[in-house]
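A.B. asks: From the sequence below, what's the structure:
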Amino acid sequence: MEKGLAKLSLADAAVDIICTAKGERILACLGEIHLEQSIIDLRNVYMGNDIELRISKPIVDFRESTTWFHNEGDDFQQFYNLDSAPLRQTLIPPYCEEDGLLFAKNGRSRAIVSGRGIALHIRALPLSSQIHSCLKNKLFQETCSDDLKELAKALNMKKDSPVEIFEKLIELTAAVHENGNAIIESEGMRSGFCVKGVACRPKEPKEVFVPKAAEPQSLAETDTSKEEKLEEKEVAVKTNIAKEEYEDTKKRISGGDMQNGEMSLKDSKTFNIWKNEFKGSLIGGFQSGCSSGPLCEESVRGVLIVLEGVEIALFERRKKTGTEDDYRIAHPITGGMVVAALRTGIRTALLTRPARLMEGHLKLTLHSSLSGLGPLYEVLTKRRGKVLSDTMVEGTDLISIEATLPQFESFGLTSELMKKSSGEVTAPELIFSSWEMLDEDPFWIPTSQEEREDYGEIVVNGDISTGIANNALKFIRLVRNRKGLIVDSHKIVVAAEKQRTLARKK
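C.D. replies: Numbering: from 1, shown residues only. Model prediction:
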């Protein structure tokens with residue numbers, strides 16, 4: 001089979017063969033008809049009929065993205081401290097099992113490096129394709145003025161003109177990715193105002209502040225001895241400095257670009273450590289975090305990552321000399337550890353925002369007679385297609401139609417059109433058009449009485465909690481099934497051999 005695939009790729013330059021980590025061979029072709037012909041040639045010409053092939057359904061790529069909260073641009077500081085209810089995906093498996101999710105809220109996350117030597121404050125925001133195009137080309141366009149103003153409100157930029165906002169974004173941009181993503185540093189990060197050093201002595205904890213989740217105490221824990229209580233008080237005193245530094249950093253981030261006062265020696269040393277040793281890992285962590293999203297491990301698209309603050313644990317000399325040499329980093333930390341923390345922070349920040357999927361759309365061009373328009377529109381409507389234009393062809397009775405169609409809905413389109421219209425429609429020409437957001441919340445459930453009357457009662461069965469057909473949730477499950485990931489609708493039995501059937505009582 002491998003030799004046959006190699007011969008096919010040599011014979012047809014439009015065929016691309018990809019080998020996955022699971023040993024599968026993916027045949028990438030120019031459309032459905034080209035794929036069918038390539039499989040026929042592979043069987044009959046290049047491989048032989050004595051080998052049985054197992055061919056899966058066509059694979060469609062999706063992208064993971066996010067959208068705005070309804071009140072995100074109203075008040076920067078109020079939204080930062082907003083105590084809103086957690087989103088549903090953060091409460092149901094397997095999404096709620098994401099590492100570091102306890103330190104994320106409302107699109108913000110605090111990623112802690114292994115060893116607790118560094119904490120990174122990360123925020124994820126939606127990024128429109130127009131702003132991304134402007135950032136990529138470093139050229140302002142009037143079409144993105146409204147999007148720039150909305151983004152400036154969420155970033156707490158004190159700018160009114162779209163040109164000034166764009167120039168400030170260009171100044172803060174660290175990298176622009178080809179997949180529609182970008183990463184910027186906040187104004188406090190660029191000036192060092194939001195880079196904070198957590199000082200600790202040799203006998204004190206060598207780590208940044210890590211809040212612990214409240215756990216219910218058992219009966220045995222309530223009868224602790226006096227010595228244990230004293231030890232708990234000592235630990236609380238030792239971590240008090242780190243907790244104060246964490247709260248101070250949080251206030252600095254919520255204050256936006258209001259930078260008052262001079263930088264202390266400790267913060268200056270921390271800022272130099274970040275710039276010289278760890279800032280180079282920023283791009284690597286950004287690319288790693290956007291390569292696979294938390295919903296179904298698909299690439300992330302249309303997201304702006306903001307690095308808002310950094311905390312670094314430092315050792316403080318007892319005999320101070322009044323220079324930056326009084327402080328040194330408390331933990332040996334490598335760039336790979338920072339990359340891993342950034343990846344975790346990006347995934348958890350995205351998971352605490354409204355989740356959305358993006359799907360590829362194809363541009364469809366065909367000709368139809370007047371009698372074939374009815375079946376044509378019926379087929380396009382059923383497949384979520386959208387007609388862009390329909391014009392008469394001069395000198396004929398044919399109508400030229402241009403439309404867009406989701407890539408997932410394009411399979412079997414030609415045969416269905418021919419069958420429904422009885423040959424009144426020509427074979428469509430399909431080319432890739434753009435990535436469009438699927439405006440459906442995959443985790444939405446009916447809550448009010450009116451919604452329950454319209455969409456059905458709630459059915460509690462894993463993640464099947466709504467009576468409506470949710471395309472976004474269906475696509476997530478399809479991709480997770482194909483990749484061998486845990487799907488929420490599947491029930492996994494633990495220790496099945498311990499189960500027993502109770503006899504009916506008489």
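A.B. asks: Quick check: buried residues in the lengthiest helix in the chain?
C.D. replies: Scanning the chain for the helix with the most residues, using DSSP state H, yields helix 335-351. Residues of helix 335-351 classed as buried by neighbour count (16 or more other C-beta atoms under 10 Å): 337-351. No exception for glycine: its C-beta is placed from N, CA and C like everyone else's.
A.B. asks: what's that helix packed up against?
C.D. replies: Where contact means 3 or more C-beta pairs under 8 Å, 6 or more residues apart in numbering; DSSP states H and E, helix 335-351 is packed against strand 104-105, strand 108-112, strand 118-126, helix 282-291, strand 303-316.
A.B. asks: nearest to residue 370, of these?
C.D. replies: strand 118-126 (42.8 Å; C-beta to C-beta).
A.B. asks: if we look at the helix or strand just after the closest one, which residues are touching it?
C.D. replies: Note on strand 118-126: by DSSP states H and E, the next helix or strand toward the C-terminus is helix 129-137. Under the criterion C-beta atoms under 8 Å, 6 or more residues apart in numbering, residues 140-141, 143-144, 147-148, 151, 166, 169-170, 173, 176, 180-182, 302, 434-435 lie in contact with helix 129-137.
A.B. asks: ok, of those residues, which come out buried?
C.D. replies: 140, 144, 147-148, 151, 166, 169, 173, 176, 180-182, 302, 435.
A.B. asks: Rebuild the residues you listed as CSV, extending it with distance to residue 38.
C.D. replies: Listed next are the buried ones among the contacts of helix 129-137 as CSV, based on distance: C-beta to C-beta, whole Å:
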residue, distance to residue 38
140, 45
144, 41
147, 42
148, 45
151, 44
166, 46
169, 45
173, 42
176, 36
180, 30
181, 33
182, 37
302, 32
435, 26
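A.B. asks: got the contact list for the spatially closest residue to residue 185 that is not a sequence neighbour?
C.D. replies: Spatial nearest neighbour of residue 185, chain neighbours left out: residue 307 (5.0 Å); criterion: C-beta to C-beta, 6 or more residues apart in numbering. For residue 307, the contacting residues are 120, 121, 122, 174, 183, 184, 185, 186, 189, 282, by C-beta under 8 Å, 6+ apart.
A.B. asks: Which residue ranges of the stretch 101-250 of the chain form helices?
C.D. replies: For the stretch 101-250 of the chain, helices defined by DSSP state H, counting those that start in this stretch occupy the ranges 129-137, 145-154, 162-172, 187-191, 219-222, 226-238, 240-254.
A.B. asks: out of the ones you listed, nearest to residue 453?
C.D. replies: Of all the helices of the stretch 101-250 of the chain, helix 145-154 comes closest under C-beta to C-beta, at 34.3 Å.
A.B. asks: Near residue 178, how many residues? Count them for me, please.
C.D. replies: Neighbour count of residue 178, defined by other C-beta atoms under 10 Å: 7.
A.B. asks: and it, what pLDDT?
C.D. replies: The score at residue 178 is 89. That number is its pLDDT.
A.B. asks: Same check on residue 228?
C.D. replies: Looking at residue 228, its pLDDT is 45.
A.B. asks: for residue 219, same thing?
C.D. replies: pLDDT at residue 219 comes out at 33.
A.B. asks: for residue 299, what are its contacts?
C.D. replies: Neighbouring residues of residue 299 by C-beta under 8 Å, 6+ apart: 61, 63, 64, 179, 290, 291, 292, 293.
A.B. asks: again, only using 7 Å
C.D. replies: Contacts for residue 299 (C-beta atoms under 7 Å, 6 or more residues apart in numbering) come out as 63, 179, 290, 291, 292.
A.B. asks: and these, which are buried?
C.D. replies: Those of those that meet the buried threshold are 63, 179, 290, 292, by 16+ other C-beta under 10 Å.
A.B. asks: what helix or strand does the first one sit in?
C.D. replies: Per DSSP H and E, residue 63 falls inside strand 62-66.
A.B. asks: Just give the nearest non-adjacent residue to residue 408, would you?
C.D. replies: residue 60 (4.8 Å).
A.B. asks: Does the one you found touch residue 406 like I think?
C.D. replies: No - in this structure residue 60 lies outside contact range of residue 406 using C-beta atoms under 7 Å: 8.7 Å.
A.B. asks: Against which helices or strands is the helix or strand hosting residue 432 packed?
C.D. replies: Per DSSP H and E, residue 432 falls inside strand 429-438. Here strand 429-438 touches strand 355-368, going by 3 or more C-beta pairs under 7 Å, 6 or more residues apart in numbering; DSSP states H and E.
A.B. asks: okay, which residue is most central for this protein?
C.D. replies: The centroid of the chain falls nearest to residue 293 when counting by C-alpha atoms, centre = their mean (4.2 Å).
A.B. asks: Tell me who's in contact with it.
C.D. replies: With contacts taken as C-beta under 7 Å, 6+ apart, residue 293 has the following neighbours: 64, 300, 347, 350.
A.B. asks: who's in contact with the second one?
C.D. replies: For residue 300, the residues meeting the contact criterion (C-beta under 7 Å, 6+ apart) are 63, 64, 65, 181, 290, 293, 350.
A.B. asks: Give me the distance between the first one and residue 10.
C.D. replies: Counting by C-beta to C-beta, to the nearest Å, the gap between residue 63 and residue 10 amounts to 32 Å.
A.B. asks: got it, and the second one?
C.D. replies: In this structure, residue 64 and residue 10 are 36 Å apart, going by C-beta to C-beta.
A.B. asks: Settle it for me: which of these two has more neighbours?
C.D. replies: A count of neighbours by other C-beta under 10 Å puts residue 64 above the other of residue 64 and residue 10, at 26 against 10.
A.B. asks: Next, give phi and psi for the residue nearest to the more buried one when sequence neighbours are not counted.
C.D. replies: Nearest residue to residue 64, sequence neighbours excluded (C-beta to C-beta, 6+ apart): residue 293, at 3.2 Å. Here is the backbone geometry of residue 293 (degrees, to the nearest 10): phi -90, psi 170.
A.B. asks: For residue 293, report the pLDDT, please.
C.D. replies: pLDDT, residue 293: 93.
A.B. asks: Can I get the buried ones among the contacts of residue 299 in JSON lines including distance to residue 21?
C.D. replies: Below are those laid out as JSON lines (distance: C-beta to C-beta, whole Å):
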{"residue": "63", "distance to residue 21": "20"}
{"residue": "179", "distance to residue 21": "21"}
{"residue": "290", "distance to residue 21": "19"}
{"residue": "292", "distance to residue 21": "13"}
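A.B. asks: Count the neighbours of residue 1 for me.
C.D. replies: Counted with other C-beta under 10 Å, residues neighbouring residue 1 total 13.
A.B. asks: ok, it - contacts?
C.D. replies: Residue 1 is in contact with 47, 51, counting by C-beta under 7 Å, 6+ apart.
A.B. asks: and with 6 Å instead?
C.D. replies: Neighbour list for residue 1: residue 51 [criterion: C-beta atoms under 6 Å, 6 or more residues apart in numbering].
A.B. asks: what's the answer for residue 119, then?
C.D. replies: Per C-beta under 6 Å, 6+ apart, neighbours of residue 119: 110, 112, 208, 311.
A.B. asks: Which secondary structure element of the chain has the lowest mean pLDDT?
C.D. replies: helix 219-222 (a mean of 37; mean pLDDT, DSSP states H and E).
A.B. asks: Residue 309 against residue 251, yeah?
C.D. replies: No - the pair residue 309 / residue 251 is not scored as a contact, 10.4 Å apart, by C-beta atoms under 6 Å.
A.B. asks: Of those two, give the one with the bigger neighbour count.
C.D. replies: Neighbours per residue (other C-beta under 10 Å) separate residue 309 from residue 251, with residue 309 holding more: 23 against 11.
A.B. asks: The more buried one pairs with what?
C.D. replies: Judged by DSSP bridges, the bridge partners of residue 309 are residue 121.
A.B. asks: Contact partners for it?
C.D. replies: 121, 194, 249, 253.
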